[in-house]
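Chemist: sharing a model that was predicted from the sequence below.
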Amino acid sequence: MTNEFTFTIKSTRFDEDYRPSEQTRITTNFANLARGASRQENLRNTFRMIDNRFNALAHWDNPRADRYTVTLDIITVEMQIAGDDRASVLPLIEILKPAIVDRATGRRIEGIAGNNFSSYVRDYDFSVLLPEHSGSRAAGGTPDNFGELHGKLFKSFVNSPAYAQHFSKPPIICLSVSSSKTYQRTENHHPVLGTEYLQDEYSLTDEYFKKMGLAVRYFMPPDSTAPLAFYHTGDLLNDYSNLELAGTVSTMDTFQKIYRPEIYNANAVAGRIYRPSLKHQDYSLTRIVYDREERSRLAAEQGKYVEEHFIKPYRAVLDRWSASQAV
């Protein structure tokens, strides 16, 4: 049963000429930026912000703050069900993969796969399954086995030959901290990740990613206004180089300034005790257009799509495969 699924990886350059294809998950944040009248200006400004952020982080031997530029590829993971004569292929996951170009040496440095994480099955879990469960009279907590199928699919992908062929290190998923939790600053400091924070308790997202085999740590990078959540395996601080980590931070710090300006473009820096809030009013907007309401609406639509085209028709196969996998 372990070979029930096969994974195929496709790569698309994410630059100012990027246009989402019809197969791209339309709730993907980077697809949202690449539509509409301001699409090219949006993208050009986003990449300028990423480069500036990276050079500020990698400031050693970089007196003009222009030594490096970051390129991004959209990694689309498709899953095929073995023996399926309908040849159904699900675009299971989309992540970003940075690479760092050192202009001084011409060297191209591989970055860390992960960054922004987008998943059809996650849309189903959070935008269809969880609201239906919360709406029932006897509901409490989360549905039974919530996130287990998604977690096993993700671990199966990361442990697959396809992943090993394309990536040399495990992924790091970098997301916003939870607005429902409180974070406390510690004395632990990393030169790129910044100051570590500890949370009062795990969020639903933290628990969900734990089922994907990922632990979480929270760091506020230098010159940031709030900590980021880093979901990882292994040793976050020692398994990756400073330049690799700077690629992740510069990418996601930039995106979060666009997606969550109330938190990541706030005019006040997170203090010793920090409770993020999307209702915060003292923040600045970037000049990049992002439709947050559209993304929330489309997440529910795509959750329904995966329910109709993947969860329901393959329920028996998925249940059988999931039962065969170690928790």
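Modeler: Great, that's in hand.

Chemist: could you use CA atoms for every contact and neighbour count after this?
Modeler: OK.

Chemist: out of the helices and strands in this structure, which is least certain?
Modeler: helix 29-33 (a mean of 60; mean pLDDT, DSSP states H and E).

Chemist: quick check: next helix or strand after that one?
Modeler: Per DSSP states H and E, the first helix or strand lying C-terminal to helix 29-33 is helix 39-57.

Chemist: ok, residues contacting that following helix?
Modeler: Outside helix 39-57, the residues within contact range by CA atoms under 8 Å, 6 or more residues apart in numbering are 15-17, 33-34, 62, 65-70, 192, 222, 246-247, 249-251, 254-255, 287-289.

Chemist: do the same with stretch 213-232
Modeler: Counting by CA under 8 Å, 6+ apart, 57, 151, 155, 170-177, 191-199, 206, 209, 233, 249, 253, 263-270, 276 sit against stretch 213-232.

Chemist: same question for stretch 176-185.
Modeler: Counting by CA under 8 Å, 6+ apart, residues outside stretch 176-185 touching it are 195-203, 218, 227-229, 256, 260, 271-278.

Chemist: need the buried ones from the residues you listed selected in PyMOL.
Modeler: Those of the contacts of stretch 176-185 that count as buried under 16 or more other CA atoms under 10 Å are selected in PyMOL with:
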select buried, resi 195+196+197+198+199+202+218+227+228+229+256+260+274+275+276
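
Chemist: out of the contacts of stretch 176-185, which are inside helices?
Modeler: Those of those mapping onto helices are Gln256, per DSSP state H.

Chemist: strands - which of the contacts of helix 39-57 land there?
Modeler: Counting by DSSP state E, the contacts of helix 39-57 place Tyr68, Thr69, Val70 in strands.

Chemist: let's have those in a markdown table, adding distance to Gly303, neighbour count and pLDDT.
Modeler: Formatted as a markdown table, these follow (distance: CA to CA, whole Å; neighbours: other CA atoms under 10 Å; pLDDT from 0 to 100):
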| residue | distance to Gly303 | neighbour count | pLDDT |
| --- | --- | --- | --- |
| Tyr68 | 39 | 23 | 98 |
| Thr69 | 36 | 20 | 98 |
| Val70 | 32 | 24 | 98 |
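
Chemist: tell me the one of those nearest Ser322?
Modeler: Closest to Ser322 out of these is Val70 (38.1 Å), distances taken as CA to CA.

Chemist: that closest one bridge partners, please.
Modeler: Ile100 (DSSP bridges).

Chemist: how near is it to Tyr218?
Modeler: 23 Å (CA to CA, to the nearest Å).

Chemist: over to Phe14?
Modeler: According to CA to CA, Phe14 stands 27 Å off from Tyr218.

Chemist: next: His59.
Modeler: 22 Å.

Chemist: ok, and the closest non-adjacent residue to Asn267?
Modeler: Distances taken as CA to CA, 6 or more residues apart in numbering put Tyr283 closest to Asn267, at 5.0 Å, once the chain neighbours are dropped.

Chemist: repeat that for Thr248.
Modeler: With CA to CA, 6+ apart, the residue lying closest to Thr248 is Asn115, at 6.1 Å.

Chemist: what number of residues lie near Pro20?
Modeler: By other CA atoms under 10 Å, 18 other residues sit near Pro20.

Chemist: look at it and report its pLDDT.
Modeler: Model confidence at Pro20, given as pLDDT, is 70.

Chemist: which SS class is it?
Modeler: With DSSP: H, G, I helix; E, B strand; the rest coil as the basis, the three-state label of Pro20 is coil.

Chemist: distance from stretch 218-229 to the middle of the chain?
Modeler: 16 Å (CA atoms, centre = their mean, to the nearest Å).

Chemist: stretch 256-266 too?
Modeler: Relative to its chain's centre, stretch 256-266 lies at 15 Å (CA atoms, centre = their mean).

Chemist: now do that stretch: everything it contacts.
Modeler: Taking CA under 8 Å, 6+ apart as the rule, stretch 256-266 contacts 176, 224-226, 253, 276-286, 288-290, 292.

Chemist: tell me where the stretch 51-200 of the chain is predicted with low confidence.
Modeler: 83-88, 135-140 (pLDDT under 70).

Chemist: okay, buried residues for stretch 49-61 please.
Modeler: Quick answer for stretch 49-61 (16+ other CA under 10 Å): Met49, Ile50, Asp51, Asn52, Arg53, Phe54, Asn55, Ala56, Leu57, Ala58.

Chemist: tell me the one among the residues you listed nearest to Leu90.
Modeler: Of all the buried residues of stretch 49-61, Ile50 has the smallest distance to Leu90: 30.6 Å, by CA to CA.

Chemist: show the pLDDT at the closest one.
Modeler: pLDDT, Ile50: 96.

Chemist: still on that earlier bit, beta partners for the residue nearest to Thr248?
Modeler: Ile173.
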